[in-house]
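Novice: With the input below, show me the fold.
(2 chains)
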Amino acid sequence: MKKVDRTVIERRIVFLILVLAVMLPMLFPLGLKTQSTPLTQKVYDLIESVPTGAPVILSFDYDPSVITEIQPMALALIEHAWKKGHKVIATAMWPQGPQMADRAFNEVKEKLAEQNPEAELPEYGKDYVNLGYKPGGLVTIQGMGRNMKAIFPSDITGKKYEEIPLLEKVRTLKDIRYVISLSAGDPGLRDWIMTAKGKFNVPVAGGTTAVSTPGFLPYVSDQDQLHGLLGGLKSAAEYELLMGYEGDASRGMNPQSVAHILILLLILFGNIRAARKRKADKLALEENNG
Amino acid sequence: MKRNAPLVVAFIAGLVVLVGGFIPREPFPSIESTLIDWFMIISGFAILLGQASLLHLNITRVKEKMPNWPYYLAGLISFALMLIVGLLWGMEQTPGLLGQGDGIVKSLGAKPFDYLFTNAFIPLSATMFSLLAFYIASAAYRAFIIRTFESNLLMITAVIVMLGRTSFAQLLTGWIPDKLSFLRLPELTNFIMEYPNTAAQRAILISAALGIVGASLRIILGIERSYLGGGK
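Specialist: Prediction:
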């Protein structure tokens, strides 16, 4: 029988522990609460500061691989924008972005319908629209700054730009009150900062995966190149907290927190083992040298 | 001629956009606008080219029965399946060649493209990304070993930031009195992210930006020709 390498066994044990560390808090929630941070508050304040009826852009610059981290942000932001009466225009710099936008719109509508079956739900074309995907990143945004209709002649249903009531008064990017790019890489948030904010002075906020958040922090400066930033699941949970509900992100923070602690313990274990090995090697060397 | 023509096009296009950035007067905005249209058309074709290249590469690998060829075949079948159902019945509100496919929507609950997207593509993509957690956990105890002063610093910072980004942070250090609140994990994490991290990131950004300016000038002036292909 083939002997299994010790490293492989160790790796399998680690995988098993990680599965348990993620699964158990999902089955038995720990009820841990998260705290809002200034960066999340800044995004919230931006939406709060814009008057009812203002056209805004939510750009879905991600694909399903990061759905766990970014989709809860999309849901919270759409709900907030709709509650404030903003007219939400969805665009996408990634091919799967329009589907992500549609899922998010439908999910929020279902939630609102559940909460209040008699409430008037946001109407497609009047309160929100999905303009779909366009390649080109930065250059596309530059084009939007000159003529939105030229870049998006129709929405994802094939309806012409001029026939969509929401877009009646939206000629260029300058008519937009804020842009929030939910971004998983390039093209994405950086292009919006450089063009929408840098060239056309439209306030830009963003939501990214936790791993890419540090790279965007320099833009959250006194010049407000970036008007707040949601970084990873934690920020999504913070936004849910500000919105006053516990959604997927808040629930996801329990397993994520336990997994982080597990990784820290593994690092500690690895270091103790390495220190013991170094000590043993040193002793062996001393014995050999006589 | 074959090599010089793209160089001339790159030089003129680059120069016009560059000058247009400094002189926002006609004819530059009009030319820039036209170039933007061209760029978007070329980007659209680039997607087609990418798909053609993907097909060609995978078909060759399957034909030659290269190692792991069944995976390439699975990729090709998935590609063809999504393409066919998308063309026949469209996606979401967009109709396909056979219309909206009401009959099939009744039995599946969604259009075939949307059904596959929701029930296959989304879970598979999320799973692939989630696998990272397993590699990180496995690498954590084998690779993240303190050997030097720098690795010690890195370790301390990592521990603070990782703990500070969990829901345990408040639980662990919430008891610290308000006077010493800067010692609480969330505050320490915010400090590390806001100052040392931002300073280092700014340096990287500025260096990268200077590098991009240099590389762009090399392309405009025809010094950098690797994008043309064909070796040197």
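Novice: Give me the residues contacting stretch B:139-148.
Specialist: By Cβ atoms under 8 Å, 6 or more residues apart in numbering or on different chains, the residues outside stretch B:139-148 that reach it are A:7, A:14, A:263, A:266-267, A:269-271, A:273-274, B:151-152, B:155, B:158. Backbone N, C-alpha and C define where each C-beta goes, glycine included.
Novice: And it, end to end?
Specialist: Distance across stretch B:139-148, first residue to last, is 19 Å (Cα to Cα, to the nearest Å).
Novice: Go through the top helix by length along chain B and flag the buried ones.
Specialist: Counting residues, the longest helix in chain B under DSSP state H turns out to be helix B:28-63. The neighbour-count check on helix B:28-63 (16 or more other Cβ atoms under 10 Å in any protein chain shown) flags B:Phe28, B:Ile31, B:Glu32, B:Ser33, B:Leu35, B:Ile36, B:Phe39, B:Met40, B:Asn58, B:Arg61, B:Val62 as buried.
Novice: follow-up on the earlier one: nearest to A:Ile176, out of the contacts of stretch B:139-148: which one, please.
Specialist: Using Cβ to Cβ, B:Ala158 comes nearest to A:Ile176 of the contacts of stretch B:139-148, at 38.9 Å.
Novice: how much space between that closest one and A:Ser250?
Specialist: Note on B:Ala158: its distance to A:Ser250, by Cβ to Cβ, to the nearest Å, is 25 Å.
Novice: Which of the two has more residues huddled nearby?
Specialist: Set B:Ala158 next to A:Ser250 and count neighbours by other Cβ atoms under 10 Å in any protein chain shown: A:Ser250 wins out with 23 against 16.
Novice: Am I right that that one sits in a helix?
Specialist: Yes: when classified by DSSP: H, G, I helix; E, B strand; the rest coil, A:Ser250 is found to be part of a helix.
Novice: how about the closest residue to it other than its chain neighbours, what does it touch?
Specialist: Distances taken as Cβ to Cβ, 6 or more residues apart in numbering or on different chains put A:Ala237 closest to A:Ser250, at 4.6 Å, once the chain neighbours are dropped. For A:Ala237, the contacting residues are A:Thr34, A:Pro72, A:Ala249, A:Ser250, A:Gly252, A:Met253, by Cβ under 8 Å, 6+ apart.
Novice: change it to 10 Å
Specialist: A:32-36, A:40, A:72-73, A:76, A:230, A:246-254, A:256, B:167 (Cβ atoms under 10 Å, 6 or more residues apart in numbering or on different chains).
Novice: The helix or strand hosting it: how far from the chain's middle?
Specialist: According to DSSP states H and E, A:Ala237 maps onto helix A:232-243. Chain-centre distance of helix A:232-243: 10 Å, with Cα atoms, centre = their mean, to the nearest Å.
Novice: With stretch A:120-138 instead?
Specialist: In terms of Cα atoms, centre = their mean, the centre of stretch A:120-138 is found 18 Å from the chain centre.
Novice: Mind checking the pLDDT average for it?
Specialist: Computed over stretch A:120-138, the mean pLDDT rounds to 93.
Novice: ok, A:Asn288 - how many residues close by?
Specialist: For A:Asn288, the neighbour count with other Cβ under 10 Å is 7.
Novice: tell me the pLDDT at it?
Specialist: Looking at A:Asn288, its pLDDT is 85.
Novice: and chain A, which of the buried residues of helix B:28-63 reach it?
Specialist: Restricting those to those near chain A by Cβ under 10 Å from any Cβ of the partner chain leaves B:Glu32, B:Ser33, B:Leu35, B:Ile36, B:Phe39, B:Met40.
Novice: could I get these as TSV with pLDDT?
Specialist: As requested, those are arranged in TSV below (pLDDT from 0 to 100):
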residue	pLDDT
B:Glu32	82
B:Ser33	82
B:Leu35	85
B:Ile36	82
B:Phe39	86
B:Met40	84
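Novice: now these as a markdown table including distance to A:Asp127?
Specialist: Below are those laid out as a markdown table (distance: Cβ to Cβ, whole Å):
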| residue | distance to A:Asp127 |
| --- | --- |
| B:Glu32 | 34 |
| B:Ser33 | 31 |
| B:Leu35 | 35 |
| B:Ile36 | 30 |
| B:Phe39 | 32 |
| B:Met40 | 28 |
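Novice: can you give me the helices in chain B?
Specialist: Under DSSP H, chain B gives helices at B:4-22, B:28-63, B:69-89, B:102-108, B:112-116, B:122-143, B:149-164, B:168-173, B:185-192, B:198-220.
Novice: could you say what helices and strands the fourth one packs with?
Specialist: Going back to what we said before, that points to helix B:102-108. Helices and strands touching helix B:102-108, by 3 or more Cβ pairs under 10 Å, 6 or more residues apart in numbering or on different chains; DSSP states H and E, are helix B:69-89, helix B:112-116.
Novice: And that helix, what's buried?
Specialist: Within helix B:102-108, the residues that qualify as buried are B:Ile104, counting by 16+ other Cβ under 10 Å.
Novice: What's the local residue count around B:Ile145?
Specialist: B:Ile145: 16 surrounding residues under other Cβ under 10 Å.
Novice: May I have the predicted confidence score for it?
Specialist: 85.
Novice: if we can go back for a sec, hmm, which two among the ones next to chain A among the buried residues of helix B:28-63 are most spread apart?
Specialist: Farthest pair in these (Cβ to Cβ) is B:Glu32 and B:Met40. Separation: 12.9 Å.
Novice: Need the residues touching each of these two.
Specialist: A:Val139, A:Gly143.
Novice: so which of the helices and strands packed on helix B:102-108 is the most packed in?
Specialist: Ranked by mean neighbour count, the helices and strands packed on helix B:102-108 are led by helix B:112-116 with a mean of 20 (mean count of other Cβ atoms under 10 Å in any protein chain shown).
Novice: Tell me which other helices or strands that one touches.
Specialist: Partner elements for helix B:112-116 (3+ Cβ pairs under 10 Å, 6+ apart): helix A:97-115, helix B:69-89, helix B:102-108.
Novice: Run the chain-centre distance for the second one.
Specialist: Okay, so that is helix B:69-89. Helix B:69-89 has its average C-alpha position 23 Å from the chain's average C-alpha position, going by Cα atoms, centre = their mean.
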